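Undergrad: got a predicted structure plus its sequence, pasted below:
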Amino acid sequence: MKSAVLPWLATALAQQASAHYVFNRLIVNNTISREFQYVRDVSGNAGTYDDLWLKTFPIYGPENANVTCGRGSFPVHNADTIQTATIVAGSDVGLMVSGPYYEGDVQGYIFHEGPGQVFLSKLPDGTKSLMEYDGKGDFFKIAYAGPADKTTWSTMDTLSVNFTIPAATPSGKYLLRIEHFMPSMTLGQSQWFVNCAHVDIVGGGNGSPGPMVRFPNAYAEDDPSIWFPTPNDLSLYKEPMPAVWKG
Ligand SMILES: [Cu+2]
């Protein structure tokens, strides 16, 4: 197995500068959705929507408005086709990458060194539907995938960030937001991969989720979780605030 995998990996690492990804599939109870079935479509870095490769390009900096739900994600571009996933509170869920496709591989991998985090934002009172929600409301964090050990990020070379919707989450319509980012060694170089899915949580509980944050600007470029000059020692990495709400 190793002899088959390693040459591909070496090539991929050599292409790391352009090897990016978009979390466009939702996994619910081990069922993988189609691309952008439940996830808001995003534009490429040139503004068009027709090229998956361009959609994978990073967003730079936590203060960029595109870190709310991804570049060009609101108004919802795939309004005619996006669906809302029904998820029973307590279920296992994941957000999975597509692209890039190269070297004959059919899947993209999470290539950048950094953490993954997952958030929920309830449809605000007075906003009629998720289609009309710009994502500027309150988000609480439900998952953090940090370093696996001193030298390895737990998401490295995986296809998805997996988590559980807390059973105590109140029922209702939510934006389910994932961010995977590469902290910067030099100030101002962080790269962000952000997507949002439309979900309807059913069978929920009576929890009071929090603490809440809003995007962009939940973090500053010089936060120790965003500007991390010592990537060779992940024991020094601090989980970004807010804390995970466990329900
Ligand atoms: Cu990059």
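TA: Great, that's in hand.
Undergrad: quick one: the strands in the chain?
TA: 22-28, 31-32, 59-60, 85-88, 92-98, 116-122, 140-145, 160-164, 172-182, 191-202 (DSSP state E).
Undergrad: does anything pack onto the longest one? Which helices or strands?
TA: Contact analysis of strand 191-202 by 3 or more Cβ pairs under 8 Å, 6 or more residues apart in numbering; DSSP states H and E lists strand 22-28, strand 59-60, strand 85-88, strand 172-182 as its packing neighbours. Using the backbone N, CA and C atoms, a C-beta is placed for each residue, glycine as well.
Undergrad: 10 Å - rerun?
TA: strand 22-28, strand 59-60, strand 85-88, strand 92-98, strand 116-122, strand 172-182 (3 or more Cβ pairs under 10 Å, 6 or more residues apart in numbering; DSSP states H and E).
Undergrad: kindly reformat the strands of the chain as JSON lines containing distance to Gly210 and mean pLDDT.
TA: What follows is the strands of the chain, written out as JSON lines (distance: least, Cβ to Cβ, whole Å; pLDDT from 0 to 100):
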{"stretch": "strand 22-28", "distance to Gly210": "24", "mean pLDDT": "95"}
{"stretch": "strand 31-32", "distance to Gly210": "30", "mean pLDDT": "94"}
{"stretch": "strand 59-60", "distance to Gly210": "26", "mean pLDDT": "96"}
{"stretch": "strand 85-88", "distance to Gly210": "20", "mean pLDDT": "98"}
{"stretch": "strand 92-98", "distance to Gly210": "20", "mean pLDDT": "94"}
{"stretch": "strand 116-122", "distance to Gly210": "11", "mean pLDDT": "98"}
{"stretch": "strand 140-145", "distance to Gly210": "6", "mean pLDDT": "98"}
{"stretch": "strand 160-164", "distance to Gly210": "18", "mean pLDDT": "97"}
{"stretch": "strand 172-182", "distance to Gly210": "14", "mean pLDDT": "98"}
{"stretch": "strand 191-202", "distance to Gly210": "16", "mean pLDDT": "98"}
